[in-house]
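Asks: 3D model of this:
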Amino acid sequence: MPLSAFGGDWARYEDAIYAVYLETVAHAGLTLFGQPVKVRFNPTTKKKGYGFWHLISEAPAQDNRDEDDRTPDLARCERVRWVAWCIEHAESDGFSWWENQRGRETHVVIWAEAHDFAVVLAKRETEEGTRYCLLKTAYCLRGHTIRKFTKERDAFWAARKD
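Replies: I've put the predicted structure just below:
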């Protein structure tokens, strides 16, 4: 899967990867396990959708919820097209998926293992009972996260076999 390389002009790059995000994720009609994948647009930051910023940036600390404190991560930016690719191939060779609990939310984690890249979606349901997945974030994995993911994935699948 090709990367979207930074060419030195941040404003132009930001607009270009946002266009890729809109085309390949937000407006692409993606589904995961037969359920539509949706993204958050509000609140906007710099006139771009909320969900976009969680794909391309990271908070300075895990407990920091201030959107204005998030900083772009070039590795995430380069891989913005990988989000749809991971969702579309979640059940293919080279990918793992499992569910985990974060607070009251059930998340689906998709891991492109050969590339150490993960996509996280929250399982949601409308008031009418329609189920969907909300894209939460995507990021490159580091050593400690790879170990945590391996343990979490293996425990999820072992529990399902019982």
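Asks: strands paired with the helix-or-strand element of the chain with minimal mean pLDDT, and their directions?
Replies: One helix or strand of the chain scores below all others by mean pLDDT, DSSP states H and E: strand 57-58, with a mean of 88. Strand 57-58 pairs in its sheet with strand 71-72 (antiparallel), by DSSP bridges.
Asks: regarding the chain, what is its longest helix?
Replies: Looking across the chain with DSSP state H, the single longest helix is helix 143-161.
Asks: packing partners of it?
Replies: Applying 3 or more C-beta pairs under 8 Å, 6 or more residues apart in numbering; DSSP states H and E, one finds that helix 143-161 contacts strand 95-102, strand 105-112. For the C-beta atoms, the positions are set from N, CA and C on the backbone; glycine is no exception.
Asks: buried deepest among the ones you listed, which one?
Replies: Comparing the helices and strands packed on helix 143-161 by mean neighbour count (mean count of other C-beta atoms under 10 Å), strand 105-112 ranks first with a mean of 19.
Asks: tell me where the protein has helices.
Replies: Using DSSP H, the helices of the chain run over 10-21, 50-56, 74-78, 82-88, 143-161.
Asks: off-centre distance for the least confident helix or strand of the chain?
Replies: Distance, stretch centre to chain centre, for strand 57-58: 12 Å (C-alpha atoms, centre = their mean, to the nearest Å).
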